[in-house]
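Chemist: how would this look folded up:
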Amino acid sequence: MDFRGKLILAPLAGVTDTTFRRLCRENGADVVVTEMVSAKGLLCDPSRSGRYLDYDEAERPVGAQLFGPDPGEIAEGAAEVARRGFDFVDLNMGCPVRKVTGGGAGAAILSDPRRAGEIARAAVRAVRIPVTAKIRSGFGTEKDAYLAVARELFDAGVAAVTLHPRHRGQMFSGSADWGHIAALKKAFPGEIVIGNGDVRSPGDAARMFAQTGCDSVMVGRAAMGNPWIFAALKREMAAACGAAPGGSGGSPASGERLALILRHGEEMFLRQGMHGIREMRKHLAWYSRGVPGAAAFRAELPGVTDPDSFRAAVGRFF
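Modeler: Residues are numbered from 1 along each chain as shown. You can find the predicted model right below:
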């Protein structure tokens with residue numbers, strides 16, 4: 001598949017399940033990726049870890065993101081992802097959470113570029129679908145660590161590298177240094193570089209394209225409670241890429257917002273039962289951001305326990 005000129009939904013743990021990914025695809029996202037899945041967990045307990053790999057044909061192109069420190073496990077996990085029919089495999093080498101880095105995975109891999117290459121090479125050899133990787137600027141504050149890691153990844157045969165230009169210690173604080181994305185593209189002009197970080201509102205995608213020269217843009221936290229952001233960014237991205245614009249842009253009308261939120265919750269209930277309704281509480285908190293009375297609404301969310309209370313709360317507020 002072609003990773004150029006795309007608007008991509010980032011893998012977000014606990015957020016980008018199949019229902020949310022489909023809503024984002026319908027609202028302008030060109031490519032979506034599952035939340036991260038442990039390669040070891042997928043091999044040892046496929047029924048449990050495999051539930052994160054449920055997807056709908058309407059999501060295509062859809063990738064599955066794997067994490068883990070062992071090249072052999074990553075290779076086997078990638079083969080399983082390919083067997084399940086995904087369009088590509090994405091390797092997580094950027095997660096800053098201690099639970100992940102403590103086991104040598106995620107952003108911890110950035111401290112050893114050679115190992116990053118070994119992991120990527122194992123995945124590339126194991127499958128016939130594209131392999132991509134998502135990285136940060138570095139595990140610590142090492143200068144230009146991302147360039148050394150990217151060199152190993154591209155040499156291993158990955159189809160694209162996504163850079164979130166913060167180092168691990170920053171987590172999501174401060175500002176993303178788009179200069180790192182520009183430096184990465186300059187260092188590897190013939191490779192696919194995807195920019196990620198601080199794309200929050202219309203205009204940001206076009207600005208990232210212009211400032212960095214990246215090939216595609218990935219949107220993460222800004223999509224939480226706002227799948228419409230892809231439609232709003234679409235026109236900006238189309239201008240930057242010279243493509244025909246798609247999506248209407250702008251904020252949804254109140255009726256459209258209400259309809260999508262109700263559908264989101266009902267599909268979560270159909271897939272996960274009462275657990276799906278409980279999961280919707282965090283989505284409702286995100287959907288309510290910036291709406292007058294949001295604080296009082298969020299205080300009521302613990303009372304949302306079943307489809308009836310969900311519909312009532314959403315109907316009153318939205």
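Chemist: can you count the residues close to Ala253?
Modeler: Taking other CB atoms under 10 Å as the neighbour definition, Ala253 ends up with a count of 9. C-beta here means a position set from N, CA and C on the backbone, and glycine is covered the same way.
Chemist: Also Gly315?
Modeler: Neighbouring residues of Gly315 were enumerated by other CB under 10 Å; the total is 11.
Chemist: just checking, what packs against the lengthiest helix in the chain?
Modeler: Across the chain, the longest stretch assigned as helix under DSSP state H is helix 254-272. Under the contact criterion of 3 or more CB pairs under 8 Å, 6 or more residues apart in numbering; DSSP states H and E, helix 254-272 touches helix 18-26, helix 274-287, helix 307-317.
Chemist: For the protein, just list every one of the strands.
Modeler: Using DSSP state E, the strands found in the chain span residues 7-9, 31-33, 37-38, 62-67, 88-93, 131-138, 160-167, 193-196, 216-219.
Chemist: Run a quick neighbour tally on Phe269.
Modeler: When neighbours are counted by other CB under 10 Å, Phe269 registers 18.
Chemist: okay but it is in contact with Pro307, surely?
Modeler: Yes. In this structure, Phe269 is within contact of Pro307 by CB atoms under 8 Å, at 5.4 Å.
Chemist: pLDDT of stretch 98-111, averaged?
Modeler: Stretch 98-111 shows a mean pLDDT of 94.
Chemist: can you tell me which residues contact the closest residue to Ala10 other than its chain neighbours?
Modeler: The spatial neighbour of Ala10 that comes closest, neighbours along the chain excluded (CB to CB, 6 or more residues apart in numbering), is Gly220 at 3.6 Å. Taking CB atoms under 8 Å, 6 or more residues apart in numbering as the definition of contact, the neighbours of Gly220 are 9-10, 12, 196-197.
Chemist: Swap in 10 Å and give it another go.
Modeler: Counting by CB atoms under 10 Å, 6 or more residues apart in numbering, Gly220 touches 8-12, 15-16, 164, 172, 196-200.
Chemist: anything in contact with each of Phe269 and Pro307?
Modeler: Overlap of the contact sets of Phe269 and Pro307 (by CB under 10 Å, 6+ apart) consists of 276-277, 280.
Chemist: and the closest residue to Cys214 other than its chain neighbours, what does it touch?
Modeler: Taking CB to CB, 6+ apart as the measure, Cys214 lies nearest to Gly195, with 3.8 Å between them; neighbours along the chain are not counted. For Gly195, the contacting residues are 8, 162-165, 176, 178, 180-182, 184-185, 205, 208-209, 211-218, by CB under 10 Å, 6+ apart.
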